[in-house]
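Student: Output the structure for:
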Amino acid sequence: MARIPFALPDARRIRSYFLRLPLATRGTLLVLTGFYIAQLISPGLDEWGALIPQEISLTTLYRLNTFPLLHKTLFHYLLNTISLLPLLERFESDHGTIVTILLFTGAFGYIPGALYTLLERYIFHLNGAAIGASIWVFLLLASESIKQYKVNPHFLLMEYRIPTWTTPLIFILVVSFLVPHTSFLGHLCGAAVGYLWGLGWIRFLAPPDKILRWVEGKLNLLGRIPHYVSVDQKTYGRYGVLPSTNVGAGAVRVESMRDGGILAPAPANGVPLAPVTSGGQRLGP
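Tutor: A predicted model of the protein is given here:
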């Protein structure tokens with residue numbers, strides 16, 4: 001029997017990955033899939049929900065939230081969905097399920113959508129329609145690039161030092177050349193919002209943790225809903241952690257990718273311990 005020259009994906013690992021997806025991420029996957037199936041049944045659905053600048057008015061503002069859910073072809077749907085899932089899963093793990101649902105059903109749709117509409121109508125005087133979840137992909141990539149930039153400001157390309165935060169812009173250029181009929185301006189608008197979020201300039205769009213805890217406690221969401229990510233399950237909290245107890249002179253500072261670092265007691269052999277998150281005090285509202 002001839003041997004396959006490449007390794008086939010492990011079906012068990014793929015199944016395990018999908019079973020571990022948090023609530024908002026798997027919900028987004030179901031919604032994207034549902035809209036694609038609906039488009040196959042009703043081909044005019046993309047005209048109803050696409051972001052068409054000249055069609056935006058008070059009665060059609062829903063387009064600012066529906067356009068990321070629609071896709072032209074199966075390849076378009078698969079490419080965007082496969083790219084979005086790991087980024088969205090990490091975002092939900094970092095910020096919680098409620099914040100993820102609120103942002104991706106609201107601000108992360110209408111802010112880049114409104115920016116795209118304004119630029120198309122009043123600056124470039126064009127009317128290019130835009131659909132697809134790629135605007136969320138580049139939004140999340142831009143947000144991640146800011147976090148990576150704080151840890152590793154540059155990467156080497158031959159002898160050139162390239163700022164890490166420019167990675168999404170490079171991807172946007174590559175995609176615009178390789179994939180036909182992509183919205184270069186739409187991708188830039190998504191990345192712009194991602195940069196603002198990564199820099200912390202629009203973090204006020206997320207509800208304060210105090211309110212989220214009250215809602216979760218009243219409704220017992222963590223106990224009732226499988227795969228729910230609560231405000232206190234987040235990896236390091238929205239803004240990082242600080243030590244909650246006094247640390248003696250033998251403490252060392254351990255760098256964390258999500259924050260400037262935390263304090264941990266130094267062991268006898270002088271090797272710093274790994275970062276710890278239990279018992280930490282969370283920063284932020």
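
Student: On the three-state scheme, L156 is what?
Tutor: strand (DSSP: H, G, I helix; E, B strand; the rest coil).

Student: so what's it up against?
Tutor: Contacts for L156 (C-beta atoms under 8 Å, 6 or more residues apart in numbering) come out as I162. Yep, even glycine has a C-beta here, placed from its N, CA and C like the rest.

Student: how near is it to I162?
Tutor: As judged by C-beta to C-beta, to the nearest Å, L156 and I162 stand 7 Å apart.

Student: What segments of the stretch 151-285 of the chain are helices?
Tutor: Applying DSSP state H, counting those that start in this stretch to the stretch 151-285 of the chain gives helices spanning 167-178, 184-199, 209-219, 221-224.

Student: Which stretch among those helices approaches S134 most closely?
Tutor: helix 184-199 (6.3 Å; C-beta to C-beta).

Student: The closest one - what's its average pLDDT?
Tutor: Taken as a whole, helix 184-199 has an average pLDDT of 96.

Student: what bits of the chain have low per-residue confidence?
Tutor: The model of the chain has pLDDT under 70 over residues 1-9, 234-285.

Student: Which residues belonging to the longest helix anywhere in the chain are considered buried?
Tutor: Counting residues, the longest helix in the chain under DSSP state H turns out to be helix 74-95. For helix 74-95, the neighbour count (16 or more other C-beta atoms under 10 Å) marks 76-77, 79-81, 83-85, 87-95 as buried.

Student: Same check on stretch 147-154?
Tutor: Buried, per 16+ other C-beta under 10 Å, within stretch 147-154: Y149.

Student: Could the C-alpha coordinates of that stretch be exported in CSV?
Tutor: The C-alpha trace of stretch 147-154 is given here as CSV (Å, rounded to 0.1, in the frame of the first residue of the first chain):
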residue,chain,number,x,y,z
LYS,A,147,0.3,42.3,23.6
GLN,A,148,3.1,40.6,21.7
TYR,A,149,4.8,43.9,21.0
LYS,A,150,5.0,44.6,24.8
VAL,A,151,6.8,41.3,25.3
ASN,A,152,8.8,41.1,22.0
PRO,A,153,8.9,44.5,20.2
HIS,A,154,10.6,43.3,17.1
